[in-house]
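In: For reference, the sequence and a predicted model appear below.
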Amino acid sequence: MTKGNARDALLPFAVLAGALAAWEAAARVLAIPTYVLPAPSLVAETLVKDREILFSALLVTLTTALEALTLATIGGVALALLISRSRWLERAIMPFAIVLQVTPIIAVAPLLLVYLEPARAVLVCAFLVAFFPILANASLGLASVDRALVELFDLYRASPWQKLIFLRAPAALPQFLAGLRIGGGLSLIGAIAAELAAGAAGRGAGLAFRISEAGYRLDIPRMFAALALVSAAGVMIYAALTALSHLCLRRWHESARGKSE
Amino acid sequence: MTIRVATPAAPLVALRGIGKAFANGVAALDGFDLDLREGEFLTLLGPSGCGKSTALRLIAGLAEPSGGRIDWRDENAAQAIGFVFQEPTLLPWSDVFANVHLPLRLAGVARETAAPRVREALAKVGLADFESALPRELSGGMKMRAAIARALVTRPRLLLMDEPFAALDEVTRFRLNDDLLALKRELGTTIVFVTHSVYESVYLSTRIIALAARGGAVVDEIEIDAHVARDEEFRASAEFARLCRRASAALRGAAGERL
């Protein structure tokens, strides 16, 4: 890493430190009550003090998001494969996938809570939002295989299975990974939205439940602490999927080049 | 040891009255006949859209003719085909070795078993030191060499080449022309080469078939002595100039132009 790169990487942290310092100073100098705006130091203190509650909530939310992402990946890729085999199926199914995508999940969640127990409803919500970008991107990837390469495989009488393994799957990988990154972020949003909708029904559940619970108690520092963990969870998911994408593509794909060299 | 038959009884492949229409209804080929002799270097020369690439694709089985017959002398010949596309069409995620291995891999030959043949093919095109390079790390000429190695790895009896050097600079193209001729001498493979370059066609071929702009009607057929050495001397010779003039005239006639 060059000197310029290191500086660029540190820049956001410097901005964060500056903002936190200003916030801390404002809270102290202006003596803002903690139930209006707690100082960052108090939020950090709360994070440590309430760590058992908050980190077990983080674990619940992260687990739900990752389970949903896994299911969405399996379902999205499977459906993308089916659709790529038949234009007829694509025409029949895609409109519904789009309707699912454009309907705000926060409006669907209360209905799901009627039929499903809260933990299951949260999982389904997170799955529903993560599903479409994975399906759409995997479909696009499978459809954008170089025609000349398909002919090459035809020339050597490759079976459909060989075409999938040696050609279509690797060719679709960059698009699929882009979809996975979007889906990863959305699965967390879906999980949080459903937890909020579940409200008191989601007893002992994830971070969003802790946020609304602390809100009822006017425990503002804990709300901030839980919010910080939600952000951290999102960053973790994004970073992990970006690293995965880089790992898979760095050797050959344009999108992963330049950054690594 | 194979026994060479001086005059083969039947052509390696014969196209009879071949018709092929594009999706828009325009006839790429109409009543097209071709006898391919074993061991020759045949060039299909013609303007863009004359159906020369279509003929090649029909021989390769990449498209079905809408009329006519394609007769192979024997079924083995129909199976043993190598094809070099206009673009190198390498798998960008696989290194050179894996790309050249691909045809054998698709035929179920494992990497270890195939390795000697892959390395042999790479050595033949001068890429022995580049087996672990990725396509993006290669120049245009080297990518095309890798594509040729991939076509040769199955030891085809017939090599079909669709304007393979059209996108390369002239120096690279001349070198690849010479290397292709050397490979041809060494392997004895029958080659059908498609180009719109008069000079390339004369330099490489033992026979040139010039096609009309539409429908694949043969406007001229030029035989070139296979025993004439193809080198810079040939390129500068009066005979080369004469053959080029004839091929140019055929191409002009094919395009329907007048001087």
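Out: Received it, and whenever you're ready, just let me know what you need. Numbering: from 1, shown residues only, chains lettered A, B, ... in the order given.

In: excluding its backbone neighbours, what's nearest residue A:240?
Out: Using CB to CB, 6 or more residues apart in numbering or on different chains and skipping the chain neighbours, the partner closest in space to residue A:240 is residue A:184 (7.8 Å). Quick note: C-beta positions are derived from backbone N, CA and C, even for glycine.

In: Now that neighbour: which helix or strand?
Out: For residue A:184, the host element (DSSP states H and E) is helix A:169-198.

In: and the top helix by length along chain A with helix A:169-198, angle?
Out: Counting residues, the longest helix found in chain A (DSSP state H) is helix A:51-85. Here helix A:51-85 runs at an angle of 130 degrees relative to helix A:169-198 (axes from the mean of the first three to the mean of the last three CA atoms, to 10 degrees).

In: I'd like the distance from helix A:51-85 to the chain centre, please.
Out: Here helix A:51-85 is found 9 Å from its chain centre; the criterion is CA atoms, centre = their mean, to the nearest Å.

In: cool, and stretch A:94-105?
Out: 18 Å.

In: Equivalent analysis for stretch B:171-185, please.
Out: 12 Å.

In: Same check on stretch A:142-161?
Out: That offset, for stretch A:142-161, works out to 33 Å (CA atoms, centre = their mean).

In: list the buried ones in it?
Out: For stretch A:142-161, the buried set under the neighbour-count rule, 16 or more other CB atoms under 10 Å in any protein chain shown, comprises A:142, A:145, A:149, A:150, A:151, A:152, A:153, A:155, A:156, A:158.

In: Can you measure across it, start residue to end residue?
Out: 14 Å (CA to CA, to the nearest Å).

In: what's the answer for stretch B:36-43, then?
Out: Stretch B:36-43: ends 11 Å apart by CA to CA.

In: And for it, what's in contact with it?
Out: With CB atoms under 8 Å, 6 or more residues apart in numbering or on different chains as the contact definition, stretch B:36-43 has outside contacts at B:5, B:8, B:11-14, B:59, B:73, B:157-158, B:184, B:188, B:190-195, B:200-201, B:204-209, B:226.

In: how about 7 Å then?
Out: B:8, B:11-13, B:184, B:188, B:190-193, B:195, B:201, B:204-209 (CB atoms under 7 Å, 6 or more residues apart in numbering or on different chains).

In: List the ones among those that fall in strands.
Out: Taking DSSP state E as the definition of strands, these contribute B:13, B:190, B:191, B:192, B:193, B:195, B:207, B:208, B:209.

In: circling back to that earlier point, name the nearest of the buried residues of stretch A:142-161 relative to residue A:210.
Out: Using CB to CB, residue A:142 is the member of the buried residues of stretch A:142-161 that sits closest to residue A:210, with 40.6 Å.

In: in the stretch 101-250 of chain A, what spans have low per-residue confidence?
Out: In the predicted model, the stretch 101-250 of chain A carries pLDDT under 70 at residues A:200-204.

In: which parts of it sit against chain B?
Out: Contact residues, the stretch 101-250 of chain A versus chain B (CB under 7 Å from any CB of the partner chain): A:146, A:148, A:149, A:151, A:152, A:154, A:155, A:156, A:158, A:162, A:170.

In: so which strand or helix has the fifth one?
Out: Assigned by DSSP H and E, residue A:152 belongs to helix A:147-155.

In: Nearest the geometric middle of the chain, what residue?
Out: Let's take chain A. residue A:185 (1.9 Å; CA atoms, centre = their mean).

In: if you could check chain B rather than the one you did, that'd help
Out: Mean-position check on chain B, CA atoms, centre = their mean. Result residue B:161 at 2.6 Å.

In: Would you confirm that that one contacts residue B:82?
Out: No. Contact criterion CB atoms under 7 Å: residue B:161 and residue B:82 do not qualify, at 8.7 Å.

In: Strands of the stretch 101-250 of chain B, start to end?
Out: Secondary structure of the stretch 101-250 of chain B, counting by DSSP state E, counting those that start in this stretch: strands at B:158-162, B:190-195, B:207-211, B:218-223.

In: which stretch among these comes nearest chain A?
Out: Of all the strands of the stretch 101-250 of chain B, strand B:158-162 sits nearest to chain A, with 9.2 Å by CB to the nearest CB.

In: Residues contacting the closest one, please?
Out: For strand B:158-162, contacts defined as CB under 7 Å, 6+ apart pick out B:12, B:53, B:56, B:59-60, B:77, B:80-86, B:151, B:189-194.

In: got it, and stretch B:135-147?
Out: A:252, B:84, B:88-90, B:92, B:96, B:99-100, B:125-127, B:130, B:164-165, B:167-168, B:172, B:176.

In: now residue B:214: how far from residue B:28?
Out: Distance, residue B:214 to residue B:28, using CB to CB, to the nearest Å: 8 Å.

In: what's the answer for residue B:150, then?
Out: 27 Å.

In: Close to chain A: what parts of chain B are there?
Out: So chain B meets chain A at B:60, B:62, B:83, B:85, B:87, B:89, B:91-93, B:103, B:106, B:134, B:136 (CB under 7 Å from any CB).

In: domains of the chain?
Out: This is for chain A. Annotated domains of chain A cover A:1-31, A:46-256 [automatic domain parsing].

In: Switch to chain B, please.
Out: Following automatic domain parsing, one gets these domains for chain B: B:33-80+B:156-259, B:94-154.

In: just how off-centre is the longest one within its chain?
Out: Here the centre of domain B:33-80+B:156-259 is set off from its chain's centre by 7 Å, with CA atoms, centre = their mean.

In: same thing with the last one?
Out: Averaging C-alpha positions (CA atoms, centre = their mean) puts domain B:94-154 18 Å from its chain's average.

In: Span of that domain from start to end?
Out: Terminal-residue distance, domain B:94-154 (CA to CA): 19 Å.

In: what about that domain, average pLDDT?
Out: On average, the pLDDT along domain B:94-154 is 94.

In: Tell me the first helix or strand C-terminal of the helix or strand hosting residue B:30.
Out: For residue B:30, the host element (DSSP H and E) is strand B:27-36. On the C-terminal side of strand B:27-36, the nearest following helix or strand under DSSP H and E is strand B:41-45.
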